[in-house]
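[1] need the 3D shape of this:
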Amino acid sequence: MPIYAKNQDISQQLKSKFNPNTPLIVYWDRNLLKDLTGKELVDCLPVIVSGLETNQLLGVPKLISGTGEAQATAVNQLLEDWGV
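    Take a look at the predicted model:
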């Protein structure tokens, strides 16, 4: 099984076990990180939710730009993907 397929399986398992029906707080923090080649910096946005007995990393999307609009769009997309 290709690594990409394994990652998708793991992602689906995490999403199926996640309970968004509890009060949650959303955290995000834009970071400049090296891309996989290590040659350039890219804007990344780790997004985490936490609540009663729950801490879950929703994702770390790359941003097209570091604007507030780009961050809001990325956070909103992850919240929708996870059913929050």
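
[2] got a list of what residue 52 touches?
    Residues in contact with residue 52, defined by Cβ atoms under 8 Å, 6 or more residues apart in numbering, are 22, 23. (Each C-beta comes from the backbone N, C-alpha and C, glycine too.)

[3] any figure for the gap between it and residue 26?
    Applying Cβ to Cβ, to the nearest Å, the value for residue 52 to residue 26 is 15 Å.

[4] go on, residue 64?
    For residue 64 relative to residue 26 (Cβ to Cβ), the value is 21 Å.

[5] and these two? Which one has more around it.
    residue 26 (14 against 11; other Cβ atoms under 10 Å).

[6] isn't that one right up against residue 75?
    Yes - with contact defined as Cβ atoms under 8 Å, residue 26 counts as touching residue 75 (6.7 Å).

[7] pLDDT weak spots in the chain?
    1-8 (pLDDT under 70).

[8] going along the chain, name the strands of it.
    24-28, 31-34, 41-44, 47-51, 54-59 (DSSP state E).

[9] adding distance to residue 80, write those out as JSON lines.
    Formatted as JSON lines, these follow (distance: least, Cβ to Cβ, whole Å):
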{"stretch": "strand 24-28", "distance to residue 80": "12"}
{"stretch": "strand 31-34", "distance to residue 80": "22"}
{"stretch": "strand 41-44", "distance to residue 80": "19"}
{"stretch": "strand 47-51", "distance to residue 80": "12"}
{"stretch": "strand 54-59", "distance to residue 80": "10"}
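
[10] check contacts around the residue nearest the centre of the chain.
    For the chain, residue 59 is the residue whose C-alpha lies nearest the centre (Cα atoms, centre = their mean; 1.5 Å). Shown in contact with residue 59 (Cβ under 8 Å, 6+ apart): 46, 47, 78, 81.

[11] repeat that with 10 Å
    Residue 59 makes contact with 11, 44, 45, 46, 47, 48, 74, 75, 77, 78, 81, 82, according to Cβ atoms under 10 Å, 6 or more residues apart in numbering.

[12] for residue 31, same thing?
    Residues in contact with residue 31 (Cβ under 10 Å, 6+ apart) are 41, 42, 43, 44, 45, 46, 60, 63, 66.
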